[in-house]
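**Student:** Compute the structure for the input listed below.
(one chain, ligands or ions: 1)
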Amino acid sequence: MNKMKTALITGGSRGIGRAISVKLAEDGFHILINFKTNEIEAEKTMNLIKEKGGTCEFLKFDVSNVNEIEKSLEDWMDNNPDNYIEVLVNNAGIRKDNLQVFMQNDEWNDVINTNLNSFFYITRRLLKDMLVNKSGRIINIVSLSGIKGMPGQTNYSAAKAGVIGATKALAQEVAKKKVTVNAVAPGFIKTDMTAELNEKELKRMIPMQRFGNPEEVAELVSFIASEKSSYITGEVISINGGIL
Ligand code: NAP
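**Tutor:** Numbering: from 1, shown residues only. Okay, here's the model as predicted:
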């Protein structure tokens with residue numbers, strides 16, 4: 001187990017994070033499944049990984065809470081002194097949509113804390129070991145909203161655009177230590193997050209005329225997490241069925 005490479009997937013219990021967790025486990029990573037509350041869904045992810053012969057454990061913390069993050073990561077590090085987290089997928093995210101004119105402080109702050117500040121707190125802590133070991137992959141799940149902006153999502157678009165900027169800046173800081181930092185920008189993917197959207201209506205604006213599946217996003221993340229992507233850093237890779 002000490003020799004296994006370890007990957008932390010925030011929000012690994014459901015949706016895109018679950019598909020990434022299962023795929024990276026198939027790729028041979030030991031998976032740390034992070035989630036906030038929904039233990040039942042986290043257990044489903046754990047079972048899927050174990051059915052495929054993979055290994056995993058829970059690392060439960062609220063990605064918007066710096067104290068919880070640091071305590072949880074310190075505990076894991078203390079218990080695993082010969083190992084380090086080589087792949088970090090910053091995937092956990094929420095949306096609290098509202099038109100800016102009606103948006104409440106908590107709708108703004110919750111989305112910024114969960115989708116942007118989490119990137120800073122978690123990545124900062126894990127970066128040190130990646131730099132010392134001269135190997136690491138930081139993969140940030142952003143969004144089409146952070147590239148083009150979506151009405152009703154100034155909070156979400158700002159958070160995702162913030163992560164895109166940080167991805168490009170951090171990539172240049174750590175490139176010479178063989179740590180890559182990239183962002184994956186999905187369009188519309190079938191998960192709980194998009195369950196209440198009008199798919200019939202929205203798919204007309206997608207050249208491929210359909211929503212994507214979490215597994216399709218996971219394939220891209222698998223490539224970025226692998227050795228095969230060693231010369232790609234600071235990129236934002238869209239996966240959205242052809243929306244430009
Ligand atoms: P989802 O189905 O709603 O799942 C969200 C995941 O994040 C769950 O595992 C959830 O755990 C976890 N999470 C939420 N808040 C958390 C917190 N404070 N601390 C720890 N974990 C937390 O969402 P998804 O559609 O898979 O989205 C995953 C990522 O892709 C997000 O960053 C999202 O913005 C991005 N994205 C999604 C789409 C899309 O169309 N679905 C498009 C573009 C980008 P609990 O169940 O415990 O809360």
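**Student:** what about residue 62, neighbour count?
**Tutor:** 18 (other CB atoms under 10 Å). For glycine as for every other residue, the C-beta is placed from the backbone atoms N, C-alpha and C.
**Student:** wait, isn't it in contact with residue 11?
**Tutor:** No. Between residue 62 and residue 11 there is no contact under CB atoms under 8 Å: 10.9 Å.
**Student:** Mutual contacts of those two, please.
**Tutor:** Listed contacts common to residue 62 and residue 11 are residue 36; contacts here mean CB atoms under 8 Å, 6 or more residues apart in numbering.
**Student:** Let me know the helix or strand that residue 35 is in.
**Tutor:** Here residue 35 is covered by no helix or strand, with elements defined by DSSP states H and E.
**Student:** try residue 223
**Tutor:** Counting by DSSP H and E, residue 223 is found in helix 214-225.
**Student:** Would you mark the buried spots in that helix?
**Tutor:** 214, 216, 217, 218, 220, 221, 222, 224, 225 (16 or more other CB atoms under 10 Å).
**Student:** Give me the contact list for it.
**Tutor:** When contacts are defined by CB under 8 Å, 6+ apart, helix 214-225 is touched by residues 7, 15-16, 18-20, 22-24, 27, 29, 87, 89, 137, 139, 141, 180, 182, 184, 186, 189-191, 229, 232, 237, 239.
**Student:** tell me how far it is from the chain's mean position?
**Tutor:** With CA atoms, centre = their mean, to the nearest Å as the basis, helix 214-225 stands 11 Å off its chain's centre.
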